[in-house]
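Novice: okay, here's the prediction I keep looking at, along with the sequence it came from:
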Amino acid sequence: MKLIVDIEKQMGDFRLRTAFDAETGITGLLGASGCGKSITLKCIAGIERPDSGHIELDGVTLFDRKRGIDLPPQRRRVGYLFQNYALFPNMTVRQNILCGLHGEKDRVLKYEKLEEIIHMLSLEGLENHKPHQLSGGQQQRTALARILVSRPHLLMLDEPFSALDSYLRLRLQLEMRETLAAFEGPVLMVTHDRDEAYRMCDRIAVMEDGWADAPSPTKELFANPESVFAAVVTGCKNIASARKVGDYEIEVPDWGIRLTSSRLLRDDLCGVGIRAHYFHPRSDRNRFPVVFVREMEEPFEWVIQFRIPGQKEGTEDLWWRLPKDRRPQRMPDELGIAPDNVLPLYPMKKHH
Amino acid sequence: MLEYLSTVSLFPLWNSLRIAAIAGVLVFFTGILCAYYVARLPRVIKGILDVILTLPMVLPPTVCGYFLLLVFGAKRPLGLFLQQFGIRFVMTWYGGVLSAFVVAFPLMYRTARGAFESFDETLAYSGQTLGLSNTYIFWRIRMPACRQGILAGIVLAFARALGEYGATSMLIGYTPGRTATISTTVYQLWRTNDDMGAFFWVLVNLIISAAVLLTVNLLERRQKKAVKA
């Protein structure tokens, strides 16, 4: 099963142009709010109409501007889990789920399916509750049950955990992963939370200002974000513009240092990123002197800010994070970074 | 008073109620349909239509009556045209339905539009992606969600239709036993120095109005409760 999206839409000053494929498994759309993630989902669902382009699901064309095809949402077989779950407030849990089963004409089968999904999502005993009587997690499970019984070919989750308390989030993410493992089609998940994306998604497409990059496997994206923007949304704290000075050699004028990368560099290199966790006082490569600025304690980590003596005025302090047990007695005079952890960054490949 | 009661004809009450009931039903359906469709029109057209549809609420009712006579009058093109089919709005009780409809419509339209505008559209979208028809979504999801606002609208519109005087008196006048309504009767009896009669109909009017206001308040209380829950 496969989803192919290649659409453009102009909304005031904002221009959306996304092109990506999603296969079975969870594909994340990761980006800051207002970057066009939700609009993309709405275009796929048929709620918003793109100006041009093409959307295809399982070989069925959902939208094609040139051929004049624009299926109504009812015929797209796309399950859409809204951020607020959009449960019908005047209906009970059972009635809400039955809305997803309205196409099932065989009454016996219909109620068998209803019982099955209620059991699968642990909603027993809540059948006669109204949505406002449910907790956030129960609301989410009801909405998911309602969607799954309608047998969609694609599942779209719009910031599914943002309405929940943070201490519940992790548990529900684990539950959701288990529930979704049984789903046979592609899953598209919109999020702005890099930890959530890392935990939930098999592949991630980074989205910036209406433009989505092709999805790359999650671990690959975090290990080598390639673009400045991908580095930012995957949580890379130290980013500076840079230029290539050798096949493996990068000059960073803002920090006044040169770094060696283990990756062969391309000529269009424009920046460099170093994750806050990867500085190490005993690394023997890429060593440079540091001046301590300030520190902050977190439950399990120390966050330390420092500057490099040759660093340009007005540039941001650098971030170093380390587990509490690795904190040295006094701030080291020098830090190093393994060439594997020097991330070369390039301009986004905008292919339109 | 008791003596008066034995002689009084209750026709104005019956006439007012049937005019208000029929106009209320018409206003209910046209009001919510207009509210629903106008809310999704482009901004400029929406603004213009909104003014036209709300105008009868702010115009003096006599001005509405004047316009109605201008359109449906016995010697006007539309009036003449309708008379070929035996339909005459001037000096008939169903002309009263027309004038009550025109004056009460904006109340329903505006309240329903307010209710629809506060409706969470994602409910409709999720219904669509689940494959529910737009008709089902409208009557089973949108309307129940906006129920309180729409009920308040129809109660207000019904009350307005029941008390309509200005446009009604211009269009259908006052003929005892044929076009007399409560409000035209009050005026007519007072004008002819029948104080007792006028007072009786004022009482009837007070009772009906109080009942309507009570209903509105009850609805609002239920709405507050629903919000709290």
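Specialist: Structure's in. What do you need?

Novice: got the phi and psi for the nearest residue to A:Cys236 once chain neighbours are set aside?
Specialist: Leaving out its chain neighbours, the residue that sits closest to A:Cys236 by Cβ to Cβ, 6 or more residues apart in numbering or on different chains is A:Gly273, at 4.3 Å. Backbone N, C-alpha and C define where each C-beta goes, glycine included. A:Gly273 adopts backbone torsions of phi -130, psi 140, taken as degrees, to the nearest 10.

Novice: which ones are touching A:Gly273?
Specialist: The contact partners of A:Gly273, by Cβ atoms under 8 Å, 6 or more residues apart in numbering or on different chains, come to A:225, A:228, A:231, A:236, A:238-239, A:343, A:345.

Novice: give me the beta-bridge partners of it?
Specialist: A:Gly273 forms beta bridges with A:Ile239, A:Leu343, as assigned by DSSP bridges.

Novice: gap between it and chain B?
Specialist: Using Cβ to the nearest Cβ, to the nearest Å, we find A:Gly273 at a distance of 37 Å from chain B.

Novice: also A:Asn286?
Specialist: Distance from A:Asn286 to chain B, by Cβ to the nearest Cβ: 50 Å.

Novice: number of residues surrounding the residue nearest to that residue when sequence neighbours are not counted?
Specialist: Excluding the flanking residues, the one nearest A:Asn286 by Cβ to Cβ, 6+ apart is A:Ile337, at 4.5 Å. The tally of other residues near A:Ile337 (other Cβ atoms under 10 Å in any protein chain shown) stands at 21.

Novice: ok, A:Ile337 touching A:Asp284?
Specialist: No. A:Ile337 is beyond contact range of A:Asp284, at 10.5 Å (criterion: Cβ atoms under 8 Å).

Novice: got the residues of chain A near chain B?
Specialist: Residues of chain A lying near chain B by Cβ under 8 Å from any Cβ of the partner chain: A:42, A:45-47, A:72-76, A:78-80, A:82-84, A:86, A:88-90, A:99-100, A:102-103, A:132, A:143, A:146-147, A:150, A:152.

Novice: can you turn the buried part of those into a PyMOL selection?
Specialist: The buried subset of these, as determined by 16 or more other Cβ atoms under 10 Å in any protein chain shown, is captured in PyMOL by this line:
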select buried, chain A and resi 42+45+46+47+73+74+76+78+79+80+82+86+88+90+99+100+102+143+146+147+150+152
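
Novice: just checking: what are the partner strands of the worst-scoring helix or strand of chain A on mean pLDDT?
Specialist: Least confident element among the helices and strands of chain A, by mean pLDDT, DSSP states H and E: strand A:211-212 (a mean of 86). Partners of strand A:211-212 in the sheet, by DSSP bridges, are strand A:14-23 (parallel), strand A:203-208 (antiparallel).

Novice: any chance of a markdown table for these, columns mean pLDDT and mean neighbour count?
Specialist: Below are these laid out as a markdown table (pLDDT from 0 to 100; neighbours: other Cβ atoms under 10 Å in any protein chain shown):
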| stretch | mean pLDDT | mean neighbour count |
| --- | --- | --- |
| strand A:14-23 | 91 | 19 |
| strand A:203-208 | 92 | 25 |
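
Novice: could you dump those to CSV with distance to B:Ser209?
Specialist: Converted to CSV, the strands paired with strand A:211-212 look like this (distance: least, Cβ to Cβ, whole Å):
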stretch, distance to B:Ser209
strand A:14-23, 52
strand A:203-208, 59
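
Novice: any idea which element the residue most central in space within chain B lies in?
Specialist: Residue closest to the mean C-alpha point of chain B, counted by Cα atoms, centre = their mean, is B:Ala104 at 3.1 Å. For B:Ala104, the host element (DSSP states H and E) is helix B:93-117.

Novice: having no further points to raise, I will conclude here.
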